Every structure is written in C-alpha cells, then in structure tokens.
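In: Pasting a predicted model and its sequence here:
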Amino acid sequence: MRHAVLALVLFSMFIAACEPAPYIKEDRKDYRLLRPEVTHHVDGAQYACVRIDDALIATTQGGTIYFLEAGDGKSQGSVELVKYGEGPSITDLAMGGESLWAVLDGESLVQLDRATAQAQFTVTASHTATQLGTRPRALFTAGGELYLAGDDQLMGLPSERRIDCKGWRPTGVARIRGDLAVAAHGELRADGALIDTAELVLGLEGSAGPAGGWIAVRQANQGSVIRLMSKDGEELSSEIVDGRVERIRVIDGRLYVITPSAVSSWRLDPQGFNYPESFTIKGALDLCSAVEGDLFICGTFGRSHYHPYTDSRGRGDTFFSVTRAPGRLESATSDGRRVLAGSAEGVWMYKSGDDTAEITTRTLPRDATRTTTASCSWGEAQLDRLDGHDAVIVKRKDRADEIFSYPQIAEIESEGDALWIGHSIGIDVIQPGINGNLTRVATIRLQGPVIHLFLENTGGIAFVTLFGGMGVIDWIPYGEPMYPIGHPNNTTDK
C-alpha cells in the first residue's frame, strides 16, 4: 500500500512538471528613438587619380581613396575619409612631396602620409573649409609647388601663400616667365596683369614642348580650343576638340585632353602639336600613367586601364581591368522595390537593400515625374521659387506657414509625419519638434545633386543622385529606450 501511494505521488509530480508554464506576453516593441540613415548604397563617380610611385596608383570613389597596383589594377587597400551619407565625395587628388592630398568637395582638405614606401597611407592632417578660409575645390601643381583652389582664392601648400581671385574660382595655375599665373573666370593673370584669355592652363616643364611654354584652353559647350603657347606668349599651335574639357594632363611628353566623349592627345614638340591620337570613352574625368606606356582612366563610367599600342603584351586600343560604376544618372524610375536609372553612359538596375547595382540592356521608359507637392499629417508642402532660390513652402493646419530654402531642390516626398527634401548636396528630413514647429531632424550629405526620391514598399526612401550613386535610407533605432508612462520599465513615474 505504501508503495502504491508513493508511486501515485511521484506520478502526480511528473504530470505537474510536464504542464506548460503560464503564458506571459512579452513586449517586444523597440522603444528607442528613430533617425534616418543610409543603410544601403552603391557609389557613383570616380573623380580623380594619381600615380603614387612605380607600383601604385590612387583613385577615388565617394569618400574613399582606393590604392591599386599600377600594372593590373589589383587592390592594395583603401582609406575611408568620410562615411557615405555623411559628407561629399573626394573630387581631387595630388601628390605634394611625399604626401598625398585629397579634396572633399567644398568641405575639407586631407593630408595622408606613410612611414615607408611599403607602408599604407594614413591621415595625418585634415583642414576644414572654415580653417582654410575657403571651400576647397581642386588641386593644381605649378613649378613643383602644390596649390589648393577654393571658391574665390588660391592657396599654396604648404606655403599658405594666398592669391585673391576676386570672387571667382581658380581653374588652373602655371609658372609663366617666373611669375605665378592663375586662370579664373576666363582670364589668365599674373600679379594682376592680364596675360591671356583661358579657362584652363597648364605650364610645361621638363623636355615637353617649348621651354617655358604653356597650354591654354578656351572652353565652349560645343567645342574647345587647345593652344600651345611659347614662353613669350606666342601661339605656336592650336587644335579644336568637341565639347568642354574636363582636364588636361602631360604624360611622357604627350598632352592628353579629356572631354565627355573622348580622350585626345598630341606629342608636344618645341614647334607645336604633332602625332595626334584619340580614343573614344564616355565619362572620363581624369587619367594618369600606368606601366609600360599604359594609362589608368577614371570617371563617371568607373575606372579602367588602357593599352594604347599593339605589342608583345597584347592588342592595342584595349581596355582592361575595367570596373563600372553608376556615376552619371540623369533619369530614373522605380516600382517601390527596384530603381532603374541611367544616362547615355549606361542603364543600371538597383534592388532596394543591395550594395551593388547591375548594368542592364533595359531602356528607361521615361524619367519619373518630379514630385513638387507632398502631404503630411501636419500640413501640405509645395515646391516653389523665392528670391532666386528654390523653396519648400509648408502650409500648416494650425499655425503660420513655414519656408525652407535651398540653392537647388530636385524633389520632395512625404512619409508619415516626415517631409523629405532632395537638393543639390543631399537630403534633409523635416518633422515637427517638441514645440510643434518644423525642424530639420536629419541631413544626409551626398555628392549631388539629388535627382529623385522614391517611397519604398517596405518603408524608407530610395534616392538617386546625378554623380553620387544611389541607395536607400531607413529609420534606424538609436540611444536608450524611451518607455511611455505606465510601462513597467518606466521609472520616471514611480
């Protein structure tokens, strides 16, 4: 009997242990605040390149400098100067002494150095536009010295000698008859005296061309004139190229002229231009020497090596080690899951949430209609123009109208209580603040201009820029949870 009772007790304990625990509903809601961030993207144009030494080339894309083997373009590391969405692209590179200098468009000048020729470059100094006294735009070399071009002045590096350009951006620098000549607003001046009319200028050094001579470029949209000048200012030779000139470079005694559709070159002889050559390439912005007569080219198309002449290494007029990029996107459309964007340089398919885009043979049916009105829970927004600037005029339901002005606005879009404004240097997000007044809660800094904003089916915004690529912005939780009053984890009301 005692054994039966014991067995019954043990069986009851077993059954009780097997019964499920009572269900307690868990609060899985994330109570942290949200802010918009770029979560996925694909980079755009590669603006600049420079030959570092016999083995290494540096090029740019977005806010990153990429180091490549000069012979075949294999990666040798990279340095990120600014995270995508938090700053502009690197738009120029140059070597000054042993240092590599980089321009973050309009925002800062960065110096990089390495301890030995085999070591990686690291950032050793960074100078903001405020510290420089001008917005940095480009780098030029003249007479062995490096110069920074700002919006309205030229500054020597590291001499910090400044030349006031009377409100115009310098577009070229050369040593002419011992004086520093600066091109700005179509005029070439030295010590204030007018020397010539030219938008671009490049001094000739070494054995290329006439001793003490220079190259002067007169720009026009339909065609540009390239002139070879003697030391005394005499025009020795001239050529015409189609379109505007992006850059001029001298490599191994030849002048290279980069236009939107081709690269043209001539041998620089003391008497003039000789032995013309050209090759077609859409979207080139810069080039430098590679190895054994090859060239490295970068631009809105991406980057590539170019083998000009047939030899034991292969057939001439050949591109190799090509990496394409969506660096010029002039129109776009979206179905809420994918973005189709492109230009005459190519059409790209971007799937939301990816960090790559695929070039496609599809054609863009039409550019998406520009959105100029938007409705939010707190009012209506209308894109307009006031006092020479684009402006978003917001009509509030319960208070006075508010205005947000920008130099150039491409599009506006609404998502819940957020108003998105795509403009020349990125995207601003507008929401009501604590006091009910509208405020910029976030600025996504991009290499613009932004051309389109698209609402995503899963939430967030897809964006397309002309030169800075495309991507997706999502609302990301941050900080400590903000539990509401009455929530078990809220200790403020206890």
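Out: Sure thing, it's come through.
In: Quick one: low-confidence residue ranges for the chain.
Out: Low-confidence segments of the chain (pLDDT under 70): 1-29, 31, 482-494.
In: what's the offset of stretch 211-224 from the middle of its chain?
Out: Centroid displacement of stretch 211-224 relative to its chain, using CA atoms, centre = their mean, to the nearest Å, is 27 Å.
In: And for stretch 390-401?
Out: Worked out by CA atoms, centre = their mean, stretch 390-401 lies 32 Å from the chain centre.
In: who touches that stretch?
Out: If you take CB atoms under 8 Å, 6 or more residues apart in numbering as the criterion, stretch 390-401 is touched by 378-386, 402-409, 412, 419, 421, 423, 430, 436-438. Every C-beta, even on glycine, is put in place using the N, C-alpha and C of the backbone.
In: Which strands and helices lie in contact with the helix or strand harbouring Leu255?
Out: Per DSSP states H and E, Leu255 falls inside strand 254-258. Applying 3 or more CB pairs under 8 Å, 6 or more residues apart in numbering; DSSP states H and E, one finds that strand 254-258 contacts strand 247-251, strand 262-269, strand 284-289.
In: In CSV, could you pull the C-alpha coordinates for the second one?
Out: Put plainly, it is strand 262-269. This file holds the C-alpha atoms of strand 262-269, laid out as CSV (Å, rounded to 0.1, in the frame of the first residue of the first chain):
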residue,chain,number,x,y,z
ALA,A,262,36.8,61.0,-75.9
VAL,A,263,40.5,61.4,-74.9
SER,A,264,42.7,63.3,-77.4
SER,A,265,46.4,63.5,-77.3
TRP,A,266,49.4,65.1,-79.2
ARG,A,267,53.1,64.9,-78.8
LEU,A,268,54.5,68.2,-77.5
ASP,A,269,57.3,69.3,-79.7
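In: thinking Phe404 is in contact with Ile421, fair?
Out: Yes. Counting by CB atoms under 8 Å, Phe404 touches Ile421, with 6.5 Å between them.
In: what do those two both touch?
Out: In contact with both Phe404 and Ile421: Val392, Asp428, Ile430, using CB under 8 Å, 6+ apart.
In: and those residues as a markdown table, adding secondary structure, neighbour count and distance to Gly460?
Out: Shown next, in a markdown table, are the shared contacts of Phe404 and Ile421 (DSSP: H, G, I helix; E, B strand; the rest coil; neighbours: other CB atoms under 10 Å; distance: CB to CB, whole Å):
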| residue | secondary structure | neighbour count | distance to Gly460 |
| --- | --- | --- | --- |
| Val392 | strand | 25 | 20 |
| Asp428 | strand | 22 | 16 |
| Ile430 | strand | 24 | 16 |
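In: quick check, nearest of those to Leu148?
Out: Asp428 (28.8 Å; CB to CB).
In: what's around the closest residue to the closest one other than its chain neighbours, how many residues?
Out: Nearest non-adjacent residue to Asp428, counting by CB to CB, 6 or more residues apart in numbering: Ile421, 4.6 Å away. Residues lying near Ile421 (other CB atoms under 10 Å) number 25.
In: Ile421 reaches Gln431, doesn't it?
Out: No. Assessed by CB under 8 Å, Ile421 is found out of contact with Gln431, at 11.8 Å.
In: Name the residues contacting each of these two.
Out: Joint contacts of Ile421 and Gln431 (CB under 8 Å, 6+ apart) do not exist.
In: For the chain, which residue occupies the most central location?
Out: Ser89 (3.0 Å; CA atoms, centre = their mean).
In: contacting residues for it?
Out: When contacts are counted by CB under 8 Å, 6+ apart, Ser89 is found next to Gly44, Ala45, Tyr47, Thr60, Gln61, Gly62, Gly63, Leu104, Asp105, Gln447, Phe467, Gly468.
In: From Lys395, how far out is the last one?
Out: From Gly468 over to Lys395 the distance is 32 Å, taken as CB to CB, to the nearest Å.
In: Those two: which is more packed in?
Out: Gly468 (29 against 13).
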